[in-house]
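In: Only the shape, not the letters, is given here:
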């Protein structure tokens, strides 16, 4: 009986185990079904648990948003709170005529910021010539092989329907040319103009318009990133209205296609999920920009050779009119070179941002790779980019259906049939015969890495199919970065010019932020002044004294407004979208009652002179949103007392967001505030 009971118990345990295994297998099967048929839900589930490489690390979960320290680091710029977007027509503005002078077909070549500038310009040109605009063709994507045929046009990046609907009352827009003109274009029978950068509006009125009226169609090829001068002549009819049209195109009509917008929104929500504000940082360190401005010696090893090779290529094509070798150290001290990520990190830590601040690094390329970003990672724990906040599945879904890769490298010759080889052997000359030479093989470089060709050839190798595909995808990556940088709580850039000396991606971001929400903090460091400050403590860079920290903080505060004034004189003449005021903004308060009463007279006059915004916002804008409370007017920019500078830039510095300067130093803070007010600091 005892043995039988034991056997019965063992068999029962076996059945229970088998049943458990069946339940486990059934559960796995259900999970696979969910993963197969509910892609959106499963990605959201994974995104919060196991997918992303970034896990935020904070010193304290408590993050008071009412402290003076928070207002100094993240609060709005009060002098710009009354500035609001207003790109609507302000005078008589006629709807586009149904009878136009013809069609304008545009091919745009270039990167993200060049395409965006060019689209805004061609819309204004179409309005100026009373022409029907055909949806522009983005040449940089249509020439690339190996990318989806579904996204080889304007729709690869932007929403066509939104573009056409938003500009209905400005210009006539069609998707394609009529059949007869399309056939003529294929035969290259329509007149074409290769438009130079920043062409005058009179060039179009005096030359292009005559050809347009005669042939009813012209083709414009734009390759420099802008086909119309940024500041239109004041004597041009409706000059300000044409500038406001540029704003309507850039900030309202140009919306990214749905997949790009949705992914950018997801990344933003993941950045804000920890409940903290974040800084967006654009390095602006592309190989073209470094080569154009002569900054090769800021790097070492093969990176210097790569920049010099690019500069030599630019000199041969007339892009650069200087000699090949220049003094990069002198250029850096003169402010012509980008600020390195290490220098940006020092500025931010000196200003008061703690080691656990979230920093989003934008840009499709940071020259020098992750090695260049290592010092920034050492100073800030939460440095992220799009790759650490998205999944490969999400990015591949963004690209669309991809065609198969076709390698351009030479292949080994096909094997010869044995029979043919035997016949050839019998008929060839006397024996013994030497062996034939081996077949040609593709050249392999001895130096590992993508820079290997520098050591063996003066010419850059042709782009592979994968490189062409990656270049096309960079447009989508920069579109995601653009949305994130515009919406960021704080934005800072290391460089604001591209490889042709024109305003770059960061300049467009700063212009968009100035238009959409001018009061958000946007730092525009003076590279020449920063280089001078860093040279002062070159020998003890990470052991700065309190006097030097006060100088850096004063510089950063002043550049919030001084950098804005500088952009109006340096960037705007090259790109209107980098500084779209005063044409596209209005004041949303009663200037007689609340006109900058919290600021000093000198600061007020400087800001008013630089911005020049005098237009009062229309009545339909809700003025109740503007609050000028007593507490807000009495806010002070505190400078916390760092009595010890040892280890200032690293994690265990004792510095945190929660430290609002301390109540024990009220007397010193009051003196600092009085000094800032006399010096015209931010108020």
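Out: Noted; the coordinates are in hand. These figures come from a predicted structure and were not determined experimentally.
In: For stretch 88-102, measure first residue to last.
Out: End-to-end span of stretch 88-102 (Cα to Cα, to the nearest Å): 26 Å.
In: oh sorry, the question was meant for stretch 249-265
Out: End-to-end distance for stretch 249-265, by Cα to Cα: 21 Å.
In: In that stretch, which residues are buried?
Out: Buried residues in stretch 249-265, counted by 16 or more other Cβ atoms under 10 Å: 249, 250, 251, 253, 254, 255, 256, 257, 260, 261, 263, 264. Placement of C-beta: from N, CA and C, glycine included.
In: List the contacts of the third one.
Out: Under the criterion of Cβ atoms under 8 Å, 6 or more residues apart in numbering, the contact list for residue 251 reads 85, 87, 512, 515, 516, 580, 584.
In: Tell me which two in those residues are the farthest apart.
Out: Maximum pairwise distance in the contacts of residue 251, criterion Cβ to Cβ, is 12.0 Å, between 87 and 512.
In: Have a look at those two and say which one is more surrounded.
Out: Under the neighbour definition other Cβ atoms under 10 Å, residue 87 and residue 512 were set side by side, and residue 512 has more, 24 against 21.
In: right, and the more buried one touches residue 247 too?
Out: No: here residue 512 does not reach residue 247: they are 9.8 Å apart, not a contact under Cβ atoms under 8 Å.
In: Overlap of the contact sets of those two?
Out: The contact sets of residue 512 and residue 247 overlap at residue 577 (Cβ under 8 Å, 6+ apart).
In: filter the contacts of residue 251 to the buried ones?
Out: 85, 87, 512, 515, 580, 584.
In: how far away is the first one from residue 539?
Out: It refers to residue 85. Going from residue 85 to residue 539 by Cβ to Cβ, to the nearest Å gives 47 Å.
In: for the second one, same thing?
Out: Between residue 87 and residue 539 the distance is 51 Å, computed by Cβ to Cβ.
In: can you put the buried residues of stretch 249-265 in a markdown table and add secondary structure?
Out: Below are those laid out as a markdown table (DSSP: H, G, I helix; E, B strand; the rest coil):
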| residue | secondary structure |
| --- | --- |
| 249 | helix |
| 250 | helix |
| 251 | helix |
| 253 | helix |
| 254 | coil |
| 255 | coil |
| 256 | strand |
| 257 | coil |
| 260 | helix |
| 261 | helix |
| 263 | helix |
| 264 | helix |
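In: Enumerate every residue touching the nearest residue to residue 571 once chain neighbours are set aside.
Out: Distance criterion Cβ to Cβ, 6 or more residues apart in numbering; nearest residue to residue 571, sequence neighbours excluded, is residue 578 at 4.1 Å. Contact analysis of residue 578 by Cβ under 8 Å, 6+ apart lists 496, 503, 507, 508, 510, 511, 567, 571, 572.
In: Can you tell me which of those residues is nearest residue 482?
Out: Nearest to residue 482, judged by Cβ to Cβ, of those is residue 508 at 7.3 Å.
In: Would you mark the buried spots in the helix or strand harbouring the closest one?
Out: Counting by DSSP states H and E, the element that carries residue 508 is helix 505-516. Residues of helix 505-516 classed as buried: 505, 506, 507, 508, 509, 510, 511, 512, 513, 514, 515 (neighbour count, 16+ other Cβ under 10 Å).
In: Identify the residues contacting that helix?
Out: For helix 505-516, contacts defined as Cβ under 8 Å, 6+ apart pick out 85, 87, 111-113, 116-117, 247, 250-251, 280, 282, 284, 362-363, 478, 481-482, 485-486, 491, 493, 495-498, 520, 522, 524, 564, 567, 571, 575, 577-581, 584-585.
In: mind redoing it with 7 Å?
Out: The set of residues external to helix 505-516 that reach it, using Cβ atoms under 7 Å, 6 or more residues apart in numbering, is 85, 112-113, 116, 247, 251, 282, 284, 478, 482, 485-486, 491, 493, 495-496, 520, 522, 524, 571, 575, 577-581, 584-585.
In: Sort out which of the residues you listed are in strands and list them.
Out: Among the contacts of helix 505-516, DSSP state E puts 85, 282, 491, 493, 522, 585 in strands.
In: hmm, which two among the residues you listed are most spread apart?
Out: For those, the farthest-apart pair by Cβ to Cβ is 282 and 585; their separation is 23.1 Å.
In: can you list the weak-confidence ranges in this structure?
Out: Where the chain drops to pLDDT under 70, the residues are 1-10, 32-53, 140-152, 301, 364, 401-465, 589-610, 622-683.
In: Swap in 50 and give it another go.
Out: For the chain, applying pLDDT under 50 flags the ranges 39-50, 407-409, 445-450, 591-599, 623-637, 640-647, 652-683.
In: Most widely separated two among the buried residues of stretch 249-265?
Out: Pairwise over the buried residues of stretch 249-265, using Cβ to Cβ, the maximum falls at 249 and 263, 23.3 Å.
In: Chain neighbours aside, what residue packs nearest to residue 126?
Out: That would be residue 133: by Cβ to Cβ, 6+ apart, it lies 4.1 Å from residue 126.
In: does that neighbour sit in a helix, a strand or a coil?
Out: strand.
In: ditto for residue 274
Out: coil.
In: So it is in contact with residue 57, correct?
Out: No: counting by Cβ atoms under 7 Å, residue 274 does not reach residue 57; the two are 9.8 Å apart.
In: ok, these two, which is more surrounded?
Out: residue 274 (17 against 11).
In: Contacts only, for the more buried one.
Out: Counting by Cβ under 7 Å, 6+ apart, residue 274 touches residue 56.
In: measure it to residue 123 for me?
Out: For residue 274, the distance to residue 123 - Cβ to Cβ - is 40 Å.
In: Where does residue 350 fall, secondary structure wise?
Out: Using DSSP H and E, residue 350 falls within helix 341-351.
In: Same check on residue 29?
Out: Applying DSSP H and E, one finds residue 29 within helix 2-37.
In: Break this protein down into its domains, please.
Out: 103-255, 259-285+338-402+464-578 (the TED database).
In: out of these, nearest to residue 92?
Out: Closest to residue 92 of the domains of the chain is domain 103-255 (Cβ to Cβ; 9.1 Å).
In: Next, the distance between the ends of that closest one.
Out: Taking Cα to Cα, domain 103-255 runs 24 Å from one end to the other.
In: same thing with stretch 532-546?
Out: In terms of Cα to Cα, the two terminal residues of stretch 532-546 are separated by 17 Å.
In: list the buried ones in it?
Out: Under 16+ other Cβ under 10 Å, the buried positions of stretch 532-546 are 533, 534, 537, 542, 544.
In: Restricted to strands, list those residues.
Out: Among those, no member is found in strands (DSSP E).
In: of these, closest to residue 138?
Out: For the buried residues of stretch 532-546, the residue nearest residue 138 by Cβ to Cβ is residue 534; the value is 40.2 Å.
In: I'd like the distance between the closest one and residue 553.
Out: As for residue 534, its distance to residue 553 is 15 Å (criterion: Cβ to Cβ).
In: And for residue 300?
Out: 32 Å.
In: Residue 61 too?
Out: The gap separating residue 61 from residue 553 is 27 Å, by Cβ to Cβ.
In: between these two, who's got more neighbours?
Out: Taking other Cβ under 10 Å, residue 61 and residue 553 do not tie; residue 553 has more neighbours (21 against 7).
In: is it true that the more buried one lies in a strand?
Out: No: assigned with three-state DSSP, residue 553 falls outside any strand and is helix.
In: so it touches residue 351, yeah?
Out: Yes: Residue 553 lies in contact with residue 351 (Cβ under 7 Å); the separation is 5.5 Å.
In: Now the common contact residues for the two.
Out: Shared contacts of residue 553 and residue 351, defined by Cβ under 7 Å, 6+ apart, are absent.
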